[in-house]
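Engineer: Here's a sequence, model it:
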Amino acid sequence: MSLVLDIENCLPQTQCGECGFSGCRPYASALASRQTTIDKCPPGGLETLKALSELLHVALPKDLNAFKHRIRLPQVALIHETTCIGCTKCIQACPVDAIVGSRKQMHHVITNECTGCGLCLEPCPMDCIEMQVIEKPLYDKEGAKNSFEARQMRLDKKAREKQSQYVAKTATVEKSDENYKKNYIQAALARVKQKRP
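Structural biologist: Numbers count the residues shown, from 1 in each chain. Below is the predicted model:
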């Protein structure tokens, strides 16, 4: 586990998924078990590539120019106030909780917490977010890692609560009832009708 943590400390903690993994920790785990290569982190650039090469005692890729073309410069998200409709889709997509706002209100990016991952761009229905290239990252790597882990724990807890509510709800229905399926479907349809305006 200490090798995984050492590798993770080399990574930029953008949690962008550009490496093909769901975050920096899964990528670090894959590197530690030699399941992937060190050249999968465009936000980390040459600095991260060289650090991983030294740490893992593996050679740098033969074609460094190909890697250099994939390097992503530090960036930060900017939401245009005039076009933001407050849909909260960007908030849900941000892996480090760097976007704040409420439904039908303009959202705002906390620039010194934004890792520049760009995951907020695609879900925005108004195309009102742009990524601005900056000289150097503004976020703290350890803070971004902690925010990502706290968010993952919160989402996991919410999913577990939802699952247990579903189990409790279905357990209360007497399954030996001959009309169980019919009653269950009718109850579901009634709930849908109630939600419609």
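
Engineer: mind listing the strands in the protein by residue range?
Structural biologist: For the chain, the strands defined by DSSP state E occupy 75-79, 99-100, 108-109, 129-133.

Engineer: Format those strands as JSON lines; extra columns: mean pLDDT, distance to Lys195 and mean neighbour count.
Structural biologist: Every C-beta, even on glycine, is put in place using the N, C-alpha and C of the backbone. What follows is the strands of the chain, written out as JSON lines (pLDDT from 0 to 100; distance: least, C-beta to C-beta, whole Å; neighbours: other C-beta atoms under 10 Å):
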{"stretch": "strand 75-79", "mean pLDDT": "97", "distance to Lys195": "29", "mean neighbour count": "20"}
{"stretch": "strand 99-100", "mean pLDDT": "96", "distance to Lys195": "27", "mean neighbour count": "18"}
{"stretch": "strand 108-109", "mean pLDDT": "96", "distance to Lys195": "30", "mean neighbour count": "16"}
{"stretch": "strand 129-133", "mean pLDDT": "97", "distance to Lys195": "29", "mean neighbour count": "15"}
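
Engineer: which one's the longest helix in the protein?
Structural biologist: When the chain is parsed with DSSP state H, its longest helix is helix 141-172.

Engineer: Switch the strands of the chain over to a markdown table; also include distance to Tyr180.
Structural biologist: Supplementary listing: those in a markdown table, determined by distance: least, C-beta to C-beta, whole Å:
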| stretch | distance to Tyr180 |
| --- | --- |
| strand 75-79 | 49 |
| strand 99-100 | 44 |
| strand 108-109 | 49 |
| strand 129-133 | 47 |
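
Engineer: Of all those strands, which one is nearest Leu5?
Structural biologist: strand 75-79 (26.6 Å; C-beta to C-beta).

Engineer: Only C-alpha atoms, please: export that closest one in PDB.
Structural biologist: Output in PDB follows, covering the C-alpha atoms of strand 75-79 (Å, rounded to 0.1, in the frame of the first residue of the first chain):
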ATOM      1  CA  GLN A  75      -6.400  25.300 -16.200                       C
ATOM      2  CA  VAL A  76      -9.400  26.500 -14.200                       C
ATOM      3  CA  ALA A  77     -13.100  26.500 -15.000                       C
ATOM      4  CA  LEU A  78     -15.100  29.700 -15.500                       C
ATOM      5  CA  ILE A  79     -18.900  29.800 -15.500                       C
END
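
Engineer: That one packs against which elements?
Structural biologist: strand 108-109, strand 129-133 (3 or more C-beta pairs under 8 Å, 6 or more residues apart in numbering; DSSP states H and E).

Engineer: Quickly list the domain ranges of the protein.
Structural biologist: Here the domain parsing of the chain from automatic domain parsing is 2-70, 141-195.

Engineer: wait, which of those domains is closest to Cys117?
Structural biologist: Smallest distance to Cys117 across the domains of the chain (C-beta to C-beta): 3.6 Å, for domain 2-70.
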